[in-house]
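Undergrad: I'd like to go over a predicted model; first the sequence, then the structure.
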Amino acid sequence: MEELLRNWTVSLTRSGLIGFEPRTRPERFPGIKRRGSPLQKGLQVKANPVKEKLRNGEATVGTWLSLGDLSATRTLARAGFDWLTVDMEHWPIDWGKAASLFGAISDAGCVPLARVPSGSHDNIKRALDSGAWGVVVPMVDTVEEAQEAIAACKYPPVGNRSLGGGLHALNFDAPVVEYYSRANDEVLVVLMTESSSGIRNAEAIYALPGVDAVFVGPTDLRANMNSIDGEVVSDEEVEAAIQEVIGIGKRVGTPTGMHTFDPTQALDRISEGMQFIAISSDIHLMTTHASEVLLAITGDTGGASATY
């Protein structure tokens, strides 16, 4: 940070973002041209195409990464998905592995996201500093939880994200100082609705500045809608809750999305107006095809059809 402040002038723009300008420095070797690295040639931070599509009312499609496997991730990053989300909430993927996956995804021209274990400041900071272009935050039930997550994604004075690290800038192909000045505009913030409480507070949450999209976790939503006395919620009640989310999103102007398990479900949700659609996961895509192959050859799936 001291080196940064010695070489750059820090200021605030009218929009409240941090601005950086290089201080003039004498040439150490006059007359000698230095080729320099790509990050020294005035390249600007990449625009986040997923944020742009969402703003334009377009649908985006991605999948969940559960395996934490670098080769599988590199392959899927070139398959044509708009984004890939590393699932750090439910799978044992550590920060070092996640950083490698984020880099592989961005190098392939896809947008790397992280579903963080929780919406804490530390989890979000580490995901973004490890190179994710955005976060999917689980179990956001209150306005206060939403505000905490949004603030953790934004540098001061908009939020309270700490300045530091360098992997984030590498994944945006930009100098660190340029990343700092643009990150508040380019980092994607997706909040998950997964409970009746989240739906009750949905309108206030979805209308908060800084929420780029909301995402329904249908499995947890169903579980959390079940009664404590053992009464199981019906499919119709779950669907009514999902439709309520879609309606609130349209009313306040915030894109909605959810997890689906096949292209038919995905297309149905897109036709209803959802824009942030997850289809399956790396492990489910693998086991589904394995099940189809085994069924065709042996007449038995061999257990490969399990849902993950």
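TA: Nice, thanks for sending it over. Residues are numbered from 1 along each chain as shown.
Undergrad: and Gln147, how many neighbours?
TA: For Gln147, the neighbour count with other CB atoms under 10 Å is 17. Using the backbone N, CA and C atoms, a C-beta is placed for each residue, glycine as well.
Undergrad: same question, Asp173
TA: 16.
Undergrad: quick one: it and Ala47 touch, right?
TA: No. At 11.3 Å, Asp173 does not count as touching Ala47 under the criterion of CB atoms under 8 Å.
Undergrad: where do the strands sit along the stretch 151-300 of the chain?
TA: 188-193, 213-216, 256-260, 276-281 (DSSP state E, counting those that start in this stretch).
Undergrad: mind listing what the first one pairs with, with the direction of each?
TA: Based on DSSP bridges, the pairing partners of strand 188-193 within the sheet are strand 134-137 (parallel), strand 213-216 (parallel).
Undergrad: quick one, phi psi at Val86?
TA: Backbone geometry at Val86, expressed as degrees, to the nearest 10, gives phi -80, psi 120.
Undergrad: so it touches Leu101, yeah?
TA: Yes. Contact status for Val86 versus Leu101: in contact at 5.2 Å, counting by CB under 8 Å.
Undergrad: overlap of the contact sets of these two?
TA: Among the neighbours of Val86, those also in contact with Leu101 (CB atoms under 8 Å, 6 or more residues apart in numbering) are Leu65, Gly68, Ile93, Pro112.
Undergrad: only whichever of those are buried, select them in PyMOL.
TA: This is the PyMOL syntax for the buried subset of these, where burial follows 16 or more other CB atoms under 10 Å:
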select buried, resi 65+68+93+112
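Undergrad: specify which member of the shared contacts of Val86 and Leu101 is nearest to Ser120.
TA: Nearest to Ser120, judged by CB to CB, of the shared contacts of Val86 and Leu101 is Ile93 at 16.9 Å.
Undergrad: and what about the residue nearest to the closest one when sequence neighbours are not counted, helix, strand or coil?
TA: Nearest non-adjacent residue to Ile93, counting by CB to CB, 6 or more residues apart in numbering: Gly68, 4.2 Å away. Of the three states, Gly68 takes coil under DSSP: H, G, I helix; E, B strand; the rest coil.
Undergrad: what about Gly68, distance to His168?
TA: Separation of Gly68 from His168 (CB to CB, to the nearest Å) stands at 20 Å.
Undergrad: any idea where the helices of the stretch 101-250 of the chain begin and end?
TA: Assigned by DSSP state H, counting those that start in this stretch, the stretch 101-250 of the chain shows helices spanning 121-129, 143-153, 167-171, 176-186, 196-200, 202-206, 218-225, 235-252.
Undergrad: report the distance from stretch 201-209 to the chain centre.
TA: 18 Å (CA atoms, centre = their mean, to the nearest Å).
Undergrad: follow-up on the earlier one: can you redo the strands of the stretch 151-300 of the chain as CSV with mean neighbour count, mean pLDDT and distance to Glu203?
TA: Formatted as CSV, these follow (neighbours: other CB atoms under 10 Å; pLDDT from 0 to 100; distance: least, CB to CB, whole Å):
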stretch, mean neighbour count, mean pLDDT, distance to Glu203
strand 188-193, 25, 98, 11
strand 213-216, 26, 98, 11
strand 256-260, 24, 97, 12
strand 276-281, 23, 97, 18
